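Peer 1: What shape does this take:
(one chain, ligands or ions: 1)
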Amino acid sequence: MQHSLSPDKIEYFKDFRGTLGVLDFDVLPFIPKRIYWITNSPENTTRGAHAHKLLNQVFLVLSGSVTIDIFKGSEKQSFNLIAEGPILMLEPGYWRDIKLLTPDSLLLVLCDREYEENDYIRDWEDYLEWYSANEP
Ligand code: TYD
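Peer 2: Residues are numbered from 1 along each chain as shown. The predicted structure is shown next:
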């Protein structure tokens, strides 16, 4: 599995006024249709715990520290995302557990589809069943 996108695809312009980061959508596998973000999570908050059947996403941490465990079936891979580090591209079909480690964590998520609750699989056993029926 190869998901992380090298930070050299993102440009940072730094000077005494701070850091300006630029992500050109052309480096992504899709042009986002929806963006959402998560802030104000207490230390070590766990979120996610679902998979998507169709949705492609890109996860980008702008501050703090976030761990994302992804599962393809029962095969697990862990990513720690921090500001100015690699970003994570996630195709449909992966279960994800997200842990916002620090209270200043800002997790930005880019999506190629609108919000559709019926695209979610929120139960682990349902996910394993769906995965074994839909595994490429
Ligand atoms: P949820 O999917 O539980 O968040 P996460 O898995 O990232 O922890 O979403 C939390 C709530 O926000 C839930 O009521 C659905 C709603 N929501 C929307 O209405 N639109 C969206 O684009 C997203 C991502 C969530």
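Peer 1: Close to the ligand: what parts of the protein are there?
Peer 2: Proximity of the chain to the ligand (Cβ under 6 Å from any ligand atom) is limited to residues 34, 36, 47-48, 50, 115. C-beta: built from backbone N, CA, C; applies to glycine.
Peer 1: do that again at 5 Å, thanks
Peer 2: Taking Cβ under 5 Å from any ligand atom as the contact definition, the chain meets the ligand at 36, 47-48, 115.
Peer 1: Next, format those residues as a markdown table and append secondary structure.
Peer 2: Listed next are the residues of the chain next to the ligand as a markdown table, based on DSSP: H, G, I helix; E, B strand; the rest coil:
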| residue | secondary structure |
| --- | --- |
| 36 | strand |
| 47 | strand |
| 48 | strand |
| 115 | coil |
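Peer 1: Spatially central residue in this protein, please.
Peer 2: Nearest residue to the geometric centre of the chain (Cα atoms, centre = their mean): residue 59, 3.0 Å.
Peer 1: residues near the residue lying closest to it once chain neighbours are set aside, how many?
Peer 2: Nearest residue to residue 59 in three dimensions, chain neighbours excluded: residue 88, at 4.2 Å (Cβ to Cβ, 6 or more residues apart in numbering). When neighbours are defined as other Cβ atoms under 10 Å, residue 88 has 21 of them.
Peer 1: The helix or strand harbouring residue 88 pairs with which strands, parallel or anti?
Peer 2: Element membership for residue 88 (DSSP states H and E) is strand 87-90. Strand 87-90 sits in its sheet next to strand 4-5 (antiparallel), strand 57-63 (antiparallel), going by DSSP bridges.
Peer 1: Name the next helix or strand downstream of that strand, please.
Peer 2: Heading C-terminal from strand 87-90 (DSSP H and E), you reach strand 95-100.
Peer 1: pretty sure residue 120 contacts residue 48?
Peer 2: No - applying Cβ atoms under 8 Å as the test, residue 120 and residue 48 come out as separate, 10.5 Å apart.
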